[in-house]
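Asks: got a predicted model here, sequence first, then my questions.
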There are 2 protein chains.
Amino acid sequence: MFRGQAKEDIFIDAHLGPAIIPGPIELDDEVLYANAHPSNSHVSPDFVPVFGDCIRMTRKVLFTTVGQPFLIAGSGTLGWDQIAANVVQPGENALVLNTGYFGDSFAECLETYGANVDQLKAQIGATASLDDIETALRAKKYRLLTLTHVDTSTGVLSDAKAIAATVHRVSPDTLVAIDAVCSVASEELRMDLWGIDIVLTASQKGLGAPPGLSILVAGPRAMKCLGVDALYIFFCRWLPIMKAYESGKPAYFATPPVNLIYAYHTALTQITERQPSLEQRFELHRLASKEVKDTASSLGLKQLVLSPAFASNSMTALYFPDGMTAADLIPKLSAKNIVVAGGLHTEIKEKYFRIGHMGVTAVDRQRGDIHKVTTALKELFAAK
Amino acid sequence: MFRGQAKEDIFIDAHLGPAIIPGPIELDDEVLYANAHPSNSHVSPDFVPVFGDCIRMTRKVLFTTVGQPFLIAGSGTLGWDQIAANVVQPGENALVLNTGYFGDSFAECLETYGANVDQLKAQIGATASLDDIETALRAKKYRLLTLTHVDTSTGVLSDAKAIAATVHRVSPDTLVAIDAVCSVASEELRMDLWGIDIVLTASQKGLGAPPGLSILVAGPRAMKCLGVDALYIFFCRWLPIMKAYESGKPAYFATPPVNLIYAYHTALTQITERQPSLEQRFELHRLASKEVKDTASSLGLKQLVLSPAFASNSMTALYFPDGMTAADLIPKLSAKNIVVAGGLHTEIKEKYFRIGHMGVTAVDRQRGDIHKVTTALKELFAAK
């Protein structure tokens, strides 16, 4: 299937709120206010330290002191190109741990840039076992192993820590790259301690800023700057820019998304320098997730994930009860001012829906988002 | 020289206002307000027509009915990658008309993707003559000719209409691509009538929105969708997305910069559907430019452009008087609440400064930006 085709049938959505979807998430007013910052030059003395702070705070969120953040105007999708172009040479082997739609996409991108890609496709709702990963790593030498930390299409959480440990034990030269678009600031992710070589993410999910910023952090092993036939996605083009801003000086390669950087700065400040702490935020995401999942279970709704061990804390994917479809659910949820998302996994997209509980929805309980969605679920499904 | 190096010495800037720089430009309050739009899903019924309108209005600004707009999260720099990857095959010939820093960059990007690049480097402050262009086109078969409509580093305006006519007459198979980052909505640019195959631009200059949106419009001849080893920049990936949104349906390949699209929509609405009209806007840019340039001339300040025929209406580049440097000018302009930009052309960057007069600065005369800058120039330089 050509991934770019119109997918108007796969989303449930409406113009009502709150949008309890797995991104773009609801935004804090302070973040929106920062996004309306008056125009400023990308080299102004006001803006330079803001960009520098964003680089520093991005490291904090990922628990890394050695990772090099790249903050670039772009969608999260750009991160796949960045990894495929900068880390893997054409003809090198890559192993993709596939837990849904975004594993398909990561594999496709790596292939597009010339990598030889093998996939370990997990059963829907699960991850590959560590034994299977070890077997695959022993069978072939891989330059890169990729995993989707939380696959937005399924809500499956991969055990990044255990997988990275397996890679380091069995195939220490293999780099570990994580698509963490749907997990950063919602799920624990410790780059240095776990030995993660690259994390790609985006602004519009757990980080709580508007979409449009590609955020990638590359560890020392990933920073080799191989020569690729590209300009905008090339680490070496951006490295001196990031280093300059971090040291308090402006530099130019392309105009950064100034307003979005202001918004991201505000979101990162809330996450890294205020209460609740980052660790407390992870716990609040676990609590919000548990509340949604427990409610769903009590109503007889079946989760897409096959075991709590695979369940993301940033979102919940639920099968419709027998006989119900997305078309049944839309008007009922709209009537209750609730926006959720439809299925996305190509094999079962008609059969389930997705609830996001990231950022302010999980952390700022006074908003009442979680209460609204659990109440709506009870009202809709208790009657069945 | 490695282009990505820190260039902290090339900009004059301060945190005061107004910023009379060649982008990011001052923004209308209504645009900033739209940028603070509450979070919305990229597939919501509210957002879909907004994206569709942006596609339609982008065509209007470029006077094209057949061009295909691509609105993608990214800086203007991304447009070079898009053109280099989608339009030119490795080994094909490209002719770059170079009128400054951004000609260097366009050439470098095309080479990075494997094109054989020849450059017609104009004298600083001028463009190549039509005769020289014709001679070059007769000497070799070129797949692509590129020009920078207004080179932000020099303020040199290229005669896109006459150059395109020359290309069509002498080498009709050669595609014409225009870097119009510093000209769209400030200088007349008629894609269909003039036979321009591709225009690349960005949100933060004459279009009057915050930076972060790459805007590229490809005509029918440029839409061949050659297979390139890339994902994010590939026309064919985005074409079904743009077609879907234009037809009122959402589609997914990457999450668009939702808030920035709202801001761009507001800016485009002001440009295409309100008074002054687009043609009147061009005239207002001409008047603002004339006022700045006449004031400079009356004070004995020498323009970087060698003839009025090469002078952009979106910005003005002025040599410092003998003995003055950027370091002399900064505190004096800061004291007057004026922010201008330093030199950028590598050969002479210490010797001149740049004034931007795009968007609201030129169109909304009640802001008084032009009056402030001409008054400041008079006060600073009349005393010499």
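Replies: Cool, got the structure.

Asks: ok, for residue A:374, nearest residue in space, not its chain neighbours?
Replies: Leaving aside its sequence neighbours, residue A:374 sits nearest to residue A:295 (CB to CB, 6 or more residues apart in numbering or on different chains; 4.3 Å). Heads up, the C-betas are built off the backbone N, CA and C, glycines and all.

Asks: surely residue A:51 meets residue A:264?
Replies: No: Residue A:51 is beyond contact range of residue A:264, at 9.5 Å (criterion: CB atoms under 8 Å).

Asks: who's more crowded, the two?
Replies: Comparing residue A:51 with residue A:264 by other CB atoms under 10 Å in any protein chain shown, the one with more neighbours is residue A:264, at 29 against 24.

Asks: torsion angles phi and psi at that one?
Replies: Per-residue torsions, residue A:264: phi -60, psi -40 (degrees, to the nearest 10).

Asks: tally of neighbours for the nearest residue to it once chain neighbours are set aside?
Replies: Nearest residue to residue A:264, sequence neighbours excluded (CB to CB, 6+ apart): residue A:209, at 4.4 Å. Using other CB under 10 Å, residue A:209 is surrounded by 32 other residues.

Asks: got it, and residue A:215?
Replies: Neighbour tally, residue A:215, other CB under 10 Å: 27.

Asks: for the closest residue in space to it that isn't next to it in sequence, give me phi and psi.
Replies: Distance criterion CB to CB, 6+ apart; nearest residue to residue A:215, sequence neighbours excluded, is residue A:201 at 4.8 Å. The phi/psi pair for residue A:201 (degrees, to the nearest 10) reads phi -150, psi -170.

Asks: what about residue A:201, how many neighbours?
Replies: Using other CB under 10 Å, residue A:201 is surrounded by 28 other residues.

Asks: contacts only, for it.
Replies: A:76, A:79, A:179-181, A:183-184, A:207, A:215-216 (CB atoms under 8 Å, 6 or more residues apart in numbering or on different chains).

Asks: tell me which of these fall in helices.
Replies: Among the contacts of residue A:201, DSSP state H puts residue A:79 in helices.

Asks: what's the closest of the contacts of residue A:201 to chain B?
Replies: residue A:76 (6.5 Å; CB to the nearest CB).

Asks: isn't the residue nearest to residue A:264 right up against residue A:260?
Replies: Yes: using CB under 8 Å, residue A:209 is in contact with residue A:260, at 6.8 Å.

Asks: overlap of the contact sets of the two?
Replies: A:35, A:203.

Asks: any weak-confidence spans in chain A?
Replies: Residue ranges of chain A with pLDDT under 70: A:1-17, A:225-227, A:383-384.

Asks: hey, where'd the helices end up in it?
Replies: For chain A, the helices defined by DSSP H cover A:29-35, A:47-61, A:77-86, A:101-112, A:130-139, A:160-170, A:191-194, A:235-246, A:258-273, A:278-298, A:326-335, A:360-363, A:369-381.

Asks: flag every buried residue along the first one.
Replies: This means helix A:29-35. Under the neighbour-count criterion of 16 or more other CB atoms under 10 Å in any protein chain shown, helix A:29-35 has A:31-32, A:34-35 buried.

Asks: quick one: is that helix near chain B?
Replies: Yes: using CB under 8 Å from any CB of the partner chain, helix A:29-35 reaches chain B at A:32-33, A:35.

Asks: just checking, residue A:240 touches residue A:251?
Replies: Yes: counting by CB under 8 Å, residue A:240 touches residue A:251, with 6.2 Å between them.

Asks: comparing the two, which residue is more hemmed in?
Replies: More neighbours surround residue A:251 than the other of residue A:240 and residue A:251, with 23 against 17 (other CB under 10 Å).

Asks: from residue A:326, how far out is the more buried one?
Replies: Going from residue A:251 to residue A:326 by CB to CB, to the nearest Å gives 48 Å.

Asks: residue contacts, residue A:196?
Replies: A:160, A:164, A:176-178, A:189-190, A:219.

Asks: okay, which residue is most central for chain A?
Replies: In chain A, the centroid-proximal residue (CA atoms, centre = their mean) is residue A:181; its distance is 1.3 Å.

Asks: brilliant, that's me finished.
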